[in-house]
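J.: Structure, please.
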Amino acid sequence: MEKTFSYDLIIIGAGPAGLAASIYASRYRIKHLVLGQQPGGTIILAHKVENYPGFPSISGPQLGQKFMEHAKSLGAEIENKEVVEIKKENNHFRIITNNNGQYQAKAIIVATGTKRKSLGVPGEETYLGHGVSYCATCDAAFYKGKTVAVVGGANAACSGALHLARFAKKVYLIYRGERLRAEPAWVQEARENPKIEIIFNTNPLAILGDGQKVTAIALDKPYGGQKELAVDGVFIEVGGVPVAGLVKNLGVKTDEDNYLLTDNSMATNIPGIFAAGDINAFQKNCQQVVTAVAEGAQAALGVYQYLTSQREKSLPKTDGGLNNKQMQNANLKMQNEK
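T.: As a prediction, the model looks like this:
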């Protein structure tokens, strides 16, 4: 039988929210563990971050590494494992990982973020890894001197297009709407880049290839007289969907888009379960590193207050029915009222 490792808190997710929660948990002296498959989280997929205070310009991987180093410097335990199941057992949670690791904790912070959304068009799965990609930062260098398409219109799409323009000779930015939804700074930079051509009010119908690699992308309306654009690669940047299944099965409430609902302390409706970062409904309209970090800090404080209240409830009662801590508070109140 696998040994069970016990903690006061387990943080699921090792991105900015999870690592910020770890930093604050360490300062609150909460015995905790961080479980995450992608240390640094999805921020490591960003080729450039220019809106995190203190760093006018830094790459996503560098910022993610700094978060990791900071958390570890305070003694954080971080394990590169996937959580496959969470069970509620009496006054604690049992967490099971992909290698059948067994952990238990009095509280958990869910910082699992989102996963990339697919287009769902023919050819997408066929050519994944052979011209279809969800990560411009990872794969841009393979397209030096080539022509590529980026599908999407928000920050990730504009940022990806700009990064690809450093390598490719031509970048089509294809968006279904009338105007890009990215931050104005990203939009301006994309518009001014001579390698980027923006195509509005257009949807991809299929990704075409020769059986081995991508050769074109089919559009729902002609562009330049053509309904097929010859490209060597297609980068899909159409947003993400929350990874909420692990705790939704425990009864955690979500909004209509499956983002977890919390109060201001980041606590969900299930005692002991907290949520921070892109998974939280609070953040779905502003999924930024700075807000993820803030929520991670708030969640750690929420956990500290929750664990403290649980300990106080378990303290031995006095003859008057109050525990020692409650008696101290009552006596202090009486003194103040004199």
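
J.: Could you use CA atoms for every contact and neighbour count after this?
T.: Will do.

J.: Give me the secondary structure label for residue 71.
T.: Per DSSP: H, G, I helix; E, B strand; the rest coil, the secondary structure class of residue 71 is helix.

J.: quick one: which helix or strand includes the closest residue to it other than its chain neighbours?
T.: Spatial nearest neighbour of residue 71, chain neighbours left out: residue 23 (5.1 Å); criterion: Cα to Cα, 6 or more residues apart in numbering. Per DSSP states H and E: residue 23 is located in helix 16-27.

J.: Dihedrals phi and psi, residue 142?
T.: phi -70, psi -10 (degrees, to the nearest 10).

J.: again, but for residue 144
T.: phi -60, psi 120.

J.: give me the number of residues near it?
T.: Look at residue 144: counted by other Cα atoms under 10 Å, it has 15 neighbours.

J.: quick revisit: which positions within the helix holding residue 23 qualify as buried?
T.: By 16 or more other Cα atoms under 10 Å, the buried positions in helix 16-27 come out as 16-26.

J.: shouldn't the residue nearest to residue 71 be in contact with residue 68?
T.: No - at 9.5 Å, residue 23 does not count as touching residue 68 under the criterion of Cα atoms under 8 Å.

J.: which residues are common contacts for the two?
T.: Counting by Cα atoms under 8 Å, 6 or more residues apart in numbering, residue 23 and residue 68 have no contacts in common.

J.: Next one: the closest residue to residue 84 other than its chain neighbours from residue 19, what distance?
T.: Distances taken as Cα to Cα, 6+ apart place residue 97 nearest to residue 84, at 5.3 Å, with adjacent residues excluded. Per Cα to Cα, to the nearest Å, residue 97 is found 19 Å from residue 19.

J.: Quick check: the residue nearest the centre of the chain vs residue 41, distance?
T.: Nearest to the mean C-alpha position of the chain, by Cα atoms, centre = their mean, lies residue 113 at 2.8 Å. Distance from residue 113 to residue 41, counting by Cα to Cα: 8 Å.

J.: quick check: longest helix of the chain.
T.: helix 289-314 (DSSP state H).

J.: Low-confidence stretches in the stretch 51-200 of the chain?
T.: Residues of the stretch 51-200 of the chain meeting the criterion pLDDT under 70: none.

J.: Residue 144 touches residue 167, doesn't it?
T.: Yes - applying Cα under 8 Å, one finds residue 144 in contact with residue 167, separated by 4.4 Å.

J.: which residues does residue 16 contact?
T.: Listed by Cα under 8 Å, 6+ apart, the contact set of residue 16 reads 40-41, 43, 64, 67, 277, 289, 292-293, 296.

J.: what's the span of stretch 223-232 from first residue to last?
T.: By Cα to Cα, the extent of stretch 223-232 from end to end equals 17 Å.

J.: Give me the contacts around that stretch.
T.: Outside stretch 223-232, the residues that reach it (Cα under 8 Å, 6+ apart) are 131, 143, 146-149, 199, 213-222.

J.: May I see the PyMOL selection of the buried members of those?
T.: The buried residues among those can be selected in PyMOL (16+ other Cα under 10 Å) with this line:
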select buried, resi 131+143+146+147+148+149+199+213+214+215+216+217+218+219
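
J.: Now do the strands for the stretch 151-300 of the chain: every range, in order, please.
T.: Ranges of strands in the stretch 151-300 of the chain, per DSSP state E, counting those that start in this stretch, are 170-174, 196-199, 204-209, 214-223, 226-230, 233-236, 240-242, 273-275.

J.: where do the helices sit along the stretch 1-150 of the chain?
T.: Ranges of helices within the stretch 1-150 of the chain are 16-27, 60-73, 136-139, based on DSSP state H, counting those that start in this stretch.

J.: Same list (these) but as CSV, adding distance to residue 230.
T.: Listed next are those as CSV, based on distance: least, Cα to Cα, whole Å:
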stretch, distance to residue 230
helix 16-27, 38
helix 60-73, 30
helix 136-139, 19
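
J.: Tell me which of the ones you listed sits nearest to residue 106.
T.: Among the helices of the stretch 1-150 of the chain, helix 16-27 comes nearest to residue 106, with 13.5 Å by Cα to Cα.

J.: Report the backbone C-alpha coordinates of the closest one in CSV.
T.: Provided in CSV are the C-alpha atoms of helix 16-27 (Å, rounded to 0.1, in the frame of the first residue of the first chain):
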residue,chain,number,x,y,z
PRO,A,16,1.9,32.3,-10.8
ALA,A,17,-1.2,31.8,-8.6
GLY,A,18,0.0,28.5,-7.1
LEU,A,19,3.5,29.7,-6.5
ALA,A,20,2.3,33.0,-5.0
ALA,A,21,0.1,31.0,-2.6
SER,A,22,3.1,28.9,-1.7
ILE,A,23,5.2,32.0,-0.9
TYR,A,24,2.5,33.3,1.4
ALA,A,25,1.8,29.9,2.9
SER,A,26,5.5,29.7,3.8
ARG,A,27,5.3,33.0,5.6
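
J.: so it versus helix 289-314, what angle?
T.: 40 degrees (axes from the mean of the first three to the mean of the last three Cα atoms, to 10 degrees).

J.: Helix 16-27 versus helix 60-73: what angle between them?
T.: Interaxial angle of helix 16-27 relative to helix 60-73 (the same axes, to 10 degrees): 20 degrees.

J.: who touches residue 262 in this structure?
T.: Per Cα under 8 Å, 6+ apart, neighbours of residue 262: 268-269, 274-275, 280-282.
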